[in-house]
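J.: what follows is a predicted structure for the sequence shown.
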Amino acid sequence: MTNKKLEIRKLVASLEKTGRKTKINLWKDLAERINKPTRQNVVVNVNKLDLMAKKNKGKILVVPGKILSVGDLEEKAKIVAVSASDTAIAKINVNGEFIFLKDFVDEKTKVSNVVMVK
């Protein structure tokens, strides 16, 4: 098993554990979406995140997949994802904040402030 697959499995296990512990369905839903086959993974560009950030001001955008670097992020936003390209992270960090999902799971966050990007 490759290192990346092992990291994904650990992340899914962590999300499921957090979901059971807190009884919040968001974590269970994220675990299911991340555990899908690779060809069904979510891939989002920065310009789509910018549109979502404008619609959902002050909310945390969670991407259960990868972020690519097409477009720019003009709206200030906190964005969480499983992975992202280096240029996408740089573009997001200009006006916002990027956090890897594995680091975000440990945070205490209100579910009402989270928007899942599909």
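T.: Thanks, I have the structure now.

J.: hey, where'd the strands end up in the chain?
T.: 42-45, 60-68, 78-84, 97-100, 114-116 (DSSP state E).

J.: now stretch 11-26: average pLDDT?
T.: Across stretch 11-26, pLDDT averages out at 89.

J.: how long is stretch 52-70 end to end?
T.: Distance across stretch 52-70, first residue to last, is 15 Å (Cα to Cα, to the nearest Å).

J.: outside of that stretch, which residues touch it?
T.: 30, 33-34, 41-47, 49, 73, 75-85, 87-89, 91-92, 96, 101, 104, 109, 113-118 (Cβ atoms under 8 Å, 6 or more residues apart in numbering). No exception for glycine: its C-beta is placed from N, CA and C like everyone else's.

J.: now the buried members of those.
T.: 30, 33-34, 42, 44, 46-47, 49, 73, 77-84, 88-89, 91-92, 96, 101, 104, 109, 114, 116-117 (16 or more other Cβ atoms under 10 Å).

J.: and the nearest residue to Val43 once chain neighbours are set aside, what are its bridge partners?
T.: Closest residue to Val43 apart from its sequence neighbours, by Cβ to Cβ, 6 or more residues apart in numbering: Lys66 at 5.3 Å. Residues in a beta bridge with Lys66, per DSSP bridges, are Val43, Ser83.

J.: what sits against Asn95?
T.: Contacts of Asn95 by Cβ under 8 Å, 6+ apart are Leu73, Glu74, Glu75, Lys76, Ala77.
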